[in-house]
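> can you look at this prediction? I've put the sequence above it.
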Amino acid sequence: MRTVLFCFLSLLVAPVFGQTTNGVLGSGDGQRGEGVYYDAVTVPVDVPSELTIRMESPDFDTYLIVRSPSGQEIVNDDFESQSVSQVNVIATETGPWIVWASSYGSGMQGAYTLTVTRGNELEVETLQGRLDYRDTVALKGEYFDTITRELPGNGTFIFELVSLGFDGYLVVTSPSGEVWRNDDAGSTTVSRVGPVTGPAGTWKIQPTSMMAGEQGAYDLNVVQVKGR
């Protein structure tokens, strides 16, 4: 594995706050498809934080699109089989996050409420790497890197793989041997494990791909949730 850049952000806990937008979708709004209206709302993120973005409407089937400053997208139609849309964001990127408050189908119009709630702040270590033919190869032909981190006990951690050019897959092993895996965390370019807890010691983090032979760059975020 070739390491390109480390970036550290150490932050304090901030109070939870809410941002509510009451809007109306209609024919004067933008369209993300023929007759599929949306309003764009900007959510400024000054420090990495947990965000909950929820959209409700008495008039139509809601649909949420959340885009990070670097262009990564997370979408949701029905949250936990409810007639609302909700995206839980691990906002490791600072800057303007763009939310499209939209409808599921064409021609849907009416009132809606969009609520943004900020939770715990995050301490983030970002590692940039790349999967290619020089890496270790799994039995089924996938390239993978193995990264280790010494993490404290009694902490709450999130491990996030943002893949660039391939469908990523993330495997995390705690010091006690517990293993977690994830393919898609609301986006085909984001794989996420956590929040999880474990004892102090060496954690093993393995970025890989869903398909054999896939190559490309990635960002790996090792996140400690502050205040938990």
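Alright, I've got the coordinates.

> any idea how far Val66 is from Gln82?
To Gln82, Val66 is 18 Å away according to C-beta to C-beta, to the nearest Å. Bear in mind the C-beta positions are built from the backbone N, C-alpha and C, glycine included.

> whoops, I mixed them up, Ser191
Noted for Ser191: a distance of 25 Å to Gln82, by C-beta to C-beta.

> domains in this structure, as residue ranges please.
6-10+122-225, 17-121 (automatic domain parsing).

> mind putting the ones you listed in JSON lines, mean pLDDT and mean neighbour count included?
Below are those laid out as JSON lines (pLDDT from 0 to 100; neighbours: other C-beta atoms under 10 Å):
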{"stretch": "domain 6-10+122-225", "mean pLDDT": "90", "mean neighbour count": "17"}
{"stretch": "domain 17-121", "mean pLDDT": "90", "mean neighbour count": "17"}
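
> show the contacting residues for Asn182.
Tyr169, Leu170, Ser191, Arg192, Val193 (C-beta atoms under 8 Å, 6 or more residues apart in numbering).

> any chance of those residues in CSV, plus secondary structure and distance to Val36?
Below are the contacts of Asn182 laid out as CSV (DSSP: H, G, I helix; E, B strand; the rest coil; distance: C-beta to C-beta, whole Å):
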residue, secondary structure, distance to Val36
Tyr169, strand, 31
Leu170, strand, 32
Ser191, strand, 28
Arg192, strand, 28
Val193, strand, 33
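
> how about JSON lines for the residues you listed, with distance to Leu161 added?
Formatted as JSON lines, the contacts of Asn182 follow (distance: C-beta to C-beta, whole Å):
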{"residue": "Tyr169", "distance to Leu161": "8"}
{"residue": "Leu170", "distance to Leu161": "4"}
{"residue": "Ser191", "distance to Leu161": "4"}
{"residue": "Arg192", "distance to Leu161": "7"}
{"residue": "Val193", "distance to Leu161": "9"}
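
> between those, which is closest to Glu160?
Arg192 (4.8 Å; C-beta to C-beta).

> check which helices and strands the lengthiest strand in the chain sits against.
Scanning the chain for the strand with the most residues, using DSSP state E, yields strand 110-131. Secondary-structure packing of strand 110-131 (3 or more C-beta pairs under 8 Å, 6 or more residues apart in numbering; DSSP states H and E): strand 6-9, strand 17-25, strand 36-45, strand 49-56, strand 95-103, strand 147-151, strand 201-209, strand 216-225.

> and Glu125, which of these is closest to it?
Closest among those, using C-beta to C-beta: strand 216-225, at 4.5 Å.
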